[in-house]
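Colleague: give me coordinates for this.
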Amino acid sequence: MKLCVLRSKIDAVPIFEYFDVFLYHIPVTEYKKCILKGIVYSNEKMVLRASFAYASDILKGRFTLCEEIISKDAYYSYWYAITVIKGRFELGEESISKDIGHSFGYAVDVIKERFILAEEMIKQSVYCQDYEHYFNIKL
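Modeller: Next up, the predicted model:
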């Protein structure tokens with residue numbers, strides 16, 4: 001499974017040690033060989049978790065190299081938007097829109113406006129009344 005394409009060997013160097021913590025049951029030498037070839041092959045959830053943690057804990061900002069991976073998960077897309085970007089994460093909105101709780105939180109706490117992509121789902125959820133009240137609308 002292809003997860004993350006790196007532009008060069010230099011891109012990979014700072015994340016080796018950080019990823020090693022999350023990839024403890026994958027032979028590190030094999031993982032590093034894959035990174036140096038330009039492609040990360042691994043357990044997708046581990047790379048996702050490590051990418052998010054690297055962005056929030058080490059870079060303290062966007063990790064554009066792995067945003068495509070992060071965008072495929074509603075939980076990490078929401079938390080990436082709220083804690084790393086501190087604003088809209090358009091690449092992750094499709095994933096976020098498939099999770100009712102994160103969709104409501106994304107609308108209220110992140111973009112602070114209606115989240116049209118998720119409104120049909122929110123309309124049929126326990127969040128509907130709060131969403132309508134918060135945005136002064138009727139779904």
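Colleague: would you map out the domains in the chain?
Modeller: Here the domain assignment for the chain is 1-70, 71-139, based on automatic domain parsing.
Colleague: okay, now the unreliable bits of the chain?
Modeller: Along the chain, segments meeting pLDDT under 70 span 1-44.
Colleague: flag every buried residue along stretch 58-68.
Modeller: Neighbour counts using 16 or more other Cβ atoms under 10 Å place F63, L65, C66, E67 of stretch 58-68 among the buried residues. Yep, even glycine has a C-beta here, placed from its N, CA and C like the rest.
Colleague: find the nearest non-adjacent residue to L91, please.
Modeller: Closest residue to L91 apart from its sequence neighbours, by Cβ to Cβ, 6 or more residues apart in numbering: S71 at 4.1 Å.
Colleague: and the one you found, what is it in contact with?
Modeller: Neighbour list for S71: S77, F89, L91, G92, E94, S95 [criterion: Cβ atoms under 8 Å, 6 or more residues apart in numbering].
Colleague: tally up the residues packed near the fourth one, please.
Modeller: G92 has 25 neighbouring residues, counting by other Cβ atoms under 10 Å.
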